Structures are given as C-alpha cells and as structure tokens.
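Engineer: fold the following for me, if possible:
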Amino acid sequence: MRRITTLNGEPLFDVSTTRTIEQAALTAQPPHALMARAGLAVARLARALAPHARSVWVACGPGNNGGDGLVAATHLHHMLRASKGQPGVVVTLCADPTRLPPDAAWAYQQALSAGIHITTDPPAAFDIAIDALLGIGHLRSPTGRLAEHLERLQHSTAPVLCVDLPSGLEADTGRHCMGPRLQTLPGQRHTLSLLTLKPGLFTADGRDQAGTVWLDDLGIAPNTETPPRAWLHATSANARAMQSHATHKGSRGDVLVLGGQDIADHGIGMTGAAVLAARAALHAGAGRVYLGLPGANPEQPGTGWDPVCPELMVRLWSAIRDTDMLAQASVVCGCGGGQAIAAILPQTVQQARSLVLDADALNTIATNGELQAAVRARREQDFITVLTPHPLEAARLLGADTAAVMGNRLAAAQAICERFDAICVLKGSGTVISAPGMTPRINSSGNASLATAGTGDVLAGMLGAALARQQPASQHDTLTTVADAVHHHGWVADQWLDATQAHGTGARLTADALARTRLPRAISPAR
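Structural biologist: Model prediction:
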C-alpha cells in the first residue's frame, strides 16, 4: 500500500480494464482471497489514519464493495477487542443478506461469526467512518436508507475512508452523479483504491470527494501490455534538467504574447491579461518576451512598457505583422484579446510555428469555420498547436454545453484534440492534457487558490515559455513538455498553500504572484 503523491506518474485504468484485471486475478486466486486482502488493507489503513479511534462506523452496501467493508469491519472488531476498545465497530448493511454476491455473502458470514452485530442505523457519533456503500459497478442513483447513509457520510466531520472510490463517484469520469453531494466536505477524506487507480479520482469532482488517495494493488500488478485510460502526470526528469553554463538568452527561446485589448476599444480594457501571460513567460524561463498589443492605436498607444517588469518588450501589431517574429517565436495568442484578436488570428494561425491559443482566440475560432480548418491544417506543416480552454470555452469549441464537458472531461479533451489536430489542455480540477492518438494525462498538482482571475493567462505564458525552450522534438516529447508546464503551474499554487498554512499568513494567491512564482514570506518571529 502506498500514498499517491504529485512526485510520480501513475497509470490510470478505466472500469472495463479494471474488471478484466480483477477477473484474471479471481481465476488465479483461491475463493475469497482477493476480498480478504482488500478488507484487511482497508482495516489497516483505517487504524493508521485513526489509531486512537474507539468508535468506527462501517457503512456497507449491496455489492462486493460492501463485502470489502464487512471484511474490514471484522478485522477492526478484533483489533479493538484486543486493545479493549469500546464501544467498537458499528456495521450497517443497506442490502438483503440473502441476495449478496458470493464473496460478499462469505464476508457477511465471517462478520456474524466474529460476533459483530449488523444493524440498519449508523451510530450517533463516531471517530472514523468507512464508506463501503457503492463500488465501480453501481450506476443507479441510491434511494431509501442507502441514500440516507450516503448523505450522512457527506456531512461527516469525522474522517471518512472510502473503499475503492467515494460512493456516488463515476470511476471513469470523476462526475459525482448519484445521491447528495457537497462541494466542500467538512471532514478529512481518504480513498483506498484497490487493484488499480481510476481516472475519476483525479479530475472533476474526484479530487474533492476522494481526498488523499492510496493504492493497494493486492499483489496483482497489471500486465505491462495493458493500456491505461490515462496517466496521472508528475513533472518529468526533463523538466528538472540542469541548464548548460553556456546558455544565452537566444538559446532559451523567444515568446510573443498577442492580446490585451486596449480600453479605447469598446471601453473594455484587458491589457492586464496579456501582461500577466508575458510576465509568466519571462519568469518561467524564456530568453526574451515580446508583448504584442493588436488593438492599440498606433497614433496613441496606451501601453509603452511594463514598469513592474521592464524586461518585457512591447510591440504594436503593425511592428509585428511584416516581420518573421510570428515564425521565430513561441506565440501565445488570445489572453484578454477581446474583439481585437479576430483581425490578427488568420495570419497568426498561418505563420506561427509554435502556437498557444487561449481565451478570446478560442472563442473566435469556435464561431469561424475557416479558422477551424486553418488550425487543423497546422499539423500537416509540423507546427505545434496547444489549445487551453476552460470548460465553457471547451463547450463552445465542441458545440456543446458545460454540463456535457464536465460530465466526461477525458472524452471532451480527446474530442477537442482530434477535432483540431492539436494538443488540448482542458483546465479545471485535474486538468486534462490530450493529444491526437496518445494516452491523455491528468495533472496531479494545483488547488482552489488558482480560482482567481488571471491564473489561466499565467498558464498560457508558462506554456509559451516551455515550448520556446523546447528543442525540435517528437509529438510525445511535446505532450510531455506541455504537461510539465501545467504541472509546474499547479505546483507553484501548492507551494503557496503550504507556505501560507505553515506561517499562518492567510495571504491570497494572485495571478501576478503566480506569474512571478513568488511565495509568501515567512512571518518573522517576534524579538
């Protein structure tokens, strides 16, 4: 058993593949052996998480997930009796015992033989709960007592350990679609995933519902030829490689950020978005960063330089369009672009060899068939294209709605990358990075402190810098480069959260601080 962290990549398997692995293991094992291992693993982790717990509620459902819970309850019952713990284990079973599947029926008899009283009502209070209500095969909305117990678990302020996955969460998508769901759960959550890790634990509702994820493969390692549905992405070794001492600014690549609608255009100023992207590109390691303002008036340009970050070189579109800058730089297009971005998109899409399309560039492309065709044609020229939609922008690109996108984030990202022959970075909790014909990645870093204006612009700038530094590489290497940049963006937010909690600063992460990767200073001790 091990805890899943952001330090290592992990294969993620869908329900179908997990079932295949499970059936092969059942065939090769003695009867009930797999459930016995699973239940023991759950009991051991529960004791490790709450070593002083004297009251444990084990909520069991009608399938083998409930059987795992019954085995765990039996072990915990013996453990508490050995330590003279009282009142002990309370087991509820939302099922007809005569209709349990064979393994679960065996576990039920084992629990009865151990002297466990199985009831229908949870205890009034408990030190830790084990959620063994619903497993990966249950797709119907719970009703009656099952729904009541699920709601009680959702509102629990005591730690909850989920068996395999949180009840009501779709293993393949991360959508919590069955029964009550709280956006913010009041107590600590842990999930012990059995046999395999499931994609849904790490995206959409999964990260909030699952909490800290653990894996016990029960001694059954997947066949190396078994393809995962996705990879949980951690920073690769390439992203941590040292730079040569002979490196110079030209070898670190140029980034050109196009966006930032001037306030003189339609009375809506969004220059800050482009500035954030440009600052992020500079601090992420680009050698030179140019800030192109396509909507600015050549006669009265509003922004000539950035006093906070004077290293940025500001250009009007008129000073860019007739040069080779689009072809030579890594281009980030769309951040705060507003309506002004539409006029420069055709040339940008046609000439930029490395292109990150964000925000208003995506909104413009979503309504323009010619631009969509031009984006698709880029791959035939061996150009690099990265699309960075949030769920609403993804819905526009697909002609769908956000509910459909969030209902299956992996499928939505895959559909976008295939439609546009490009890498798609579908932002959100558990950002999905997908490329045509390749296994998608789910980002393992990041937290709710990123939910503030401008952090998406910062990500676009970081992606631009990563692509600018990349030497000519295969599509797989480019996907890894993009995924590494996404991971670093979330990692900075994780470090910020850790620092503010450790030092009690309560400082809020802003997009500008994120762009400069500036962590809050520790509070100096009183003298």
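Engineer: give the rounded mean pLDDT of the one helix or strand A274 maps to.
Structural biologist: Assessed by DSSP states H and E, A274 sits inside helix 271-283. Here helix 271-283 scores 95 as its mean pLDDT.
Engineer: tell me what it is packed against?
Structural biologist: Where contact means 3 or more C-beta pairs under 8 Å, 6 or more residues apart in numbering; DSSP states H and E, helix 271-283 is packed against strand 254-258, strand 288-293, helix 455-469, helix 511-515. In short, each C-beta sits where N, CA and C put it, glycine included.
Engineer: keeping just the C-alphas, turn it into PDB.
Structural biologist: Output of helix 271-283 as PDB, limited to C-alpha atoms (Å, rounded to 0.1, in the frame of the first residue of the first chain):
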ATOM      1  CA  THR A 271      -4.300  44.700 -21.200                       C
ATOM      2  CA  GLY A 272      -3.600  43.100 -17.900                       C
ATOM      3  CA  ALA A 273      -4.300  39.600 -19.100                       C
ATOM      4  CA  ALA A 274      -1.600  39.800 -21.800                       C
ATOM      5  CA  VAL A 275       0.800  41.400 -19.400                       C
ATOM      6  CA  LEU A 276       0.300  38.500 -16.900                       C
ATOM      7  CA  ALA A 277       1.000  36.000 -19.700                       C
ATOM      8  CA  ALA A 278       4.100  37.800 -20.700                       C
ATOM      9  CA  ARG A 279       5.400  38.100 -17.200                       C
ATOM     10  CA  ALA A 280       4.800  34.400 -16.600                       C
ATOM     11  CA  ALA A 281       6.700  33.500 -19.800                       C
ATOM     12  CA  LEU A 282       9.600  35.600 -18.600                       C
ATOM     13  CA  HIS A 283       9.800  34.100 -15.100                       C
END
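Engineer: okay, the angle between it and strand 254-258?
Structural biologist: Helix 271-283 and strand 254-258 are oriented at 170 degrees to each other (axes from the mean of the first three to the mean of the last three C-alpha atoms, to 10 degrees).
Engineer: what bits of this protein have low per-residue confidence?
Structural biologist: Scanning the chain for pLDDT under 70 picks out the ranges 84-87, 138-139, 178-181, 236-252, 296-303, 305, 471-473, 518-527.
Engineer: residues contacting the one residue sitting closest to the centre of the chain?
Structural biologist: Centre of the chain computed as the mean C-alpha position; nearest residue by C-alpha atoms, centre = their mean is G430, 1.0 Å away. G430 is in contact with G174, F202, T203, A204, G206, R207, R409, I442, N443, counting by C-beta atoms under 8 Å, 6 or more residues apart in numbering.
Engineer: who does the host helix or strand of T27 touch, helix- and strand-wise?
Structural biologist: Using DSSP H and E, T27 sits in helix 15-28. Identification of packing neighbours for helix 15-28 by 3+ C-beta pairs under 8 Å, 6+ apart yields helix 33-49.
Engineer: list the buried ones in the helix it packs on?
Structural biologist: Under the neighbour-count criterion of 16 or more other C-beta atoms under 10 Å, helix 33-49 has 34-47, 49 buried.
Engineer: re the thing from before, so the residue nearest to the centre of the chain: helix, strand or coil?
Structural biologist: coil (DSSP: H, G, I helix; E, B strand; the rest coil).
Engineer: find the nearest non-adjacent residue to it, please.
Structural biologist: T203 (2.8 Å; C-beta to C-beta, 6 or more residues apart in numbering).
Engineer: next one: the one you found from L169, what distance?
Structural biologist: T203 sits 11 Å away from L169, going by C-beta to C-beta, to the nearest Å.
Engineer: longest helix of the chain?
Structural biologist: For the chain, the longest helix by residue count, based on DSSP state H, is helix 475-503.
Engineer: which other helices and strands contact that one?
Structural biologist: strand 230-233, strand 423-426, strand 432-434, strand 441-443, helix 455-469, helix 511-515.
Engineer: could I get those in a markdown table, plus columns for mean neighbour count?
Structural biologist: Converted to a markdown table, the helices and strands packed on helix 475-503 look like this (neighbours: other C-beta atoms under 10 Å):
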| stretch | mean neighbour count |
| --- | --- |
| strand 230-233 | 24 |
| strand 423-426 | 28 |
| strand 432-434 | 29 |
| strand 441-443 | 28 |
| helix 455-469 | 28 |
| helix 511-515 | 22 |
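Engineer: for A342, which of these is the nearest?
Structural biologist: Minimum separation from A342 across the helices and strands packed on helix 475-503 (C-beta to C-beta) falls at helix 455-469, 17.9 Å.
Engineer: could you check the angle helix 475-503 makes with the closest one?
Structural biologist: Per the same axes, to 10 degrees, the angle that helix 455-469 makes with helix 475-503 is 130 degrees.
Engineer: just the strands from the stretch 1-150 of the chain, written as ranges.
Structural biologist: With strands called from DSSP state E, counting those that start in this stretch, the stretch 1-150 of the chain shows them at 2-3, 10-12, 55-60, 88-93, 118-119, 128-132.
Engineer: between those strands, which gets nearest to T235?
Structural biologist: Of all the strands of the stretch 1-150 of the chain, strand 10-12 sits nearest to T235, with 13.3 Å by C-beta to C-beta.
Engineer: remind me what that closest one packs against, helices and strands.
Structural biologist: strand 230-233.
Engineer: hmm, who's touching the strand it packs on?
Structural biologist: 4, 9-12, 197, 199, 202, 410, 432-433, 439-444, 483-484, 486-487.
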